[in-house]
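1. mind folding the following:
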Amino acid sequence: MTDKTAQPAQMDVKSYLAKHLREYGLLVALIAIMGFFQIMTDGTMLRAVNITNLFLQNSYIIIMALGMLVVIVAGHIDLSVGSVMGFVGALAAVLIVNWDMSVWTTIPICLVVGGLIGAAQGYWVAYWKIPSFIVTLAGMLVFRGMSLWLLEGQSVGPFPKEFQILSTGFVPDVFGIGRPNGTALAAGAIAISVILWLGLRGRARNRQYGVPDEPMAFFVIRNAIVMGALMFVAYKLSTFRGLPNVLISMALLTVVYAFITENTVIGRRIYALGGNEKAAKLSGTRTERLTFLAFVNMGVLAAFAGLIFAARLNTATPKAGFAVELDVIAAVFIGGASMSGGSGKIIGAVVGAFIMGVLNNGMSIMGIGIDYQQIIKGLVLLAAVIFDVYNKRKQS
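-> Model prediction:
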């Protein structure tokens, strides 16, 4: 009889690196890019105020990247997210500013509208088998036009303070310390403890079932880097205004979506759907319903992002959300998602979004023109996709 509790042999360094090169590459790339801009901006990049701005400026991209990852893993794409984001922001402005509707009534209405938009698009993709590229391209044009119609070509604002809190608010210091902000420091310590506990728990589970484990050196180094970065960010935030509300929203959504995609039946079915739809259907997965729900989820997250974006600008404009879908899709592909579906991770999408955000922020601080910024971001996206294709060919 075999002993299930016997310790498994750890993967050798070479094979482990080959299998997880993309994950470690993303982490190294983010650190390298931030280090580069820290030097080129004379230390501006890692100042407390700029780190806070990074979260505020990229919150809506990260939120939509979570939903876009699910859509892309399922084997589809959504080109309408920027237009839906702008339309929902316009709808919120009309309801709150023009019609004097309560903020706490408007927010659920807008989220429901986002879900209905996702349902309308998901219906044609899932049940009529119309390519998602075509359906969502049409949606991009439709909702861009509806934003113009709803706002009558003008900006609408400002919003009341209770609505602005969605984006510009900060969590109060429950410890009453002031500076450094005790809540921010405590949140950083809790996050570090949870990450370390989950990592050790995962290794214990692997030992129990005889699964080859990550080399201990890699485990220690990776967690030391991640935990050190978290504590550094928490300290920097504590010396400014503390934890932004949007950071809490992003963190909670990231944890929830990471858990769903990696530890639930529906998560495994989404990956199976993107990997091979026919096989998934033959195994009993209701592929049409799963595709439909992926687009509904994307619509709700795009609506939430639209509310945050409008709250940050304190106004709704007809051009809100223009070309945002490109940054969202680029973040997901840079984060390791496959163009053919079936692979990709939530954490990768979040890191990819931060890479795009750091590039935007760093180049803006350096005074690089928007023309060169677009060129550089396009080349980064192309390099990420080429790297993904090269790795797949090498492994096959």
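
2. what are the buried residues along stretch 232-244?
-> 233-234, 236-244 (16 or more other Cβ atoms under 10 Å). The C-beta positions use only the backbone N, C-alpha and C, and glycine is treated the same way.

3. now do the same end-to-end measure for it.
-> Criterion Cα to Cα, to the nearest Å; first-to-last residue distance in stretch 232-244 is 16 Å.

4. same question, stretch 89-105
-> 14 Å.

5. pull the distance from that stretch to the chain's centre.
-> Between the centre of stretch 89-105 and the centre of its host chain there is 26 Å, according to Cα atoms, centre = their mean, to the nearest Å.

6. enumerate the positions of that stretch that are buried.
-> By 16+ other Cβ under 10 Å, the buried positions in stretch 89-105 come out as 89-97, 103.

7. got it, and stretch 103-118?
-> In stretch 103-118, counting by 16+ other Cβ under 10 Å, buried: 103, 106-107, 110-111, 113-115, 117-118.

8. distance to Arg269, pLDDT and secondary structure added to those, as a markdown table?
-> Shown next, in a markdown table, are the buried residues of stretch 103-118 (distance: Cβ to Cβ, whole Å; pLDDT from 0 to 100; DSSP: H, G, I helix; E, B strand; the rest coil):
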| residue | distance to Arg269 | pLDDT | secondary structure |
| --- | --- | --- | --- |
| Val103 | 37 | 94 | helix |
| Thr106 | 34 | 95 | helix |
| Ile107 | 30 | 95 | helix |
| Cys110 | 29 | 96 | helix |
| Leu111 | 25 | 97 | helix |
| Val113 | 27 | 97 | helix |
| Gly114 | 23 | 97 | helix |
| Gly115 | 20 | 97 | helix |
| Ile117 | 24 | 97 | helix |
| Gly118 | 18 | 97 | helix |
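
9. picking that back up, which one of the buried residues of stretch 89-105 is nearest Ala229?
-> Ala229 lies nearest to Gly89 out of the buried residues of stretch 89-105, by Cβ to Cβ, at 31.8 Å.

10. report all helices and strands that whatever helix or strand Ala383 lives in contacts.
-> Per DSSP states H and E, Ala383 falls inside helix 370-395. Under the contact criterion of 3 or more Cβ pairs under 8 Å, 6 or more residues apart in numbering; DSSP states H and E, helix 370-395 touches helix 21-40, helix 324-334, helix 346-365.

11. number of nearby residues for Tyr259?
-> I think there's a mix-up here, since residue 259 is Phe and not Tyr. Applying other Cβ atoms under 10 Å, we find 12 residues neighbouring Phe259.

12. relative to Ala316, how far out is the closest residue to Met101 other than its chain neighbours?
-> Nearest residue to Met101 in three dimensions, chain neighbours excluded: Leu95, at 4.3 Å (Cβ to Cβ, 6 or more residues apart in numbering). According to Cβ to Cβ, to the nearest Å, Leu95 and Ala316 sit 10 Å apart.

13. can you check Met250 too?
-> Distance from Met250 to Ala316, by Cβ to Cβ: 22 Å.
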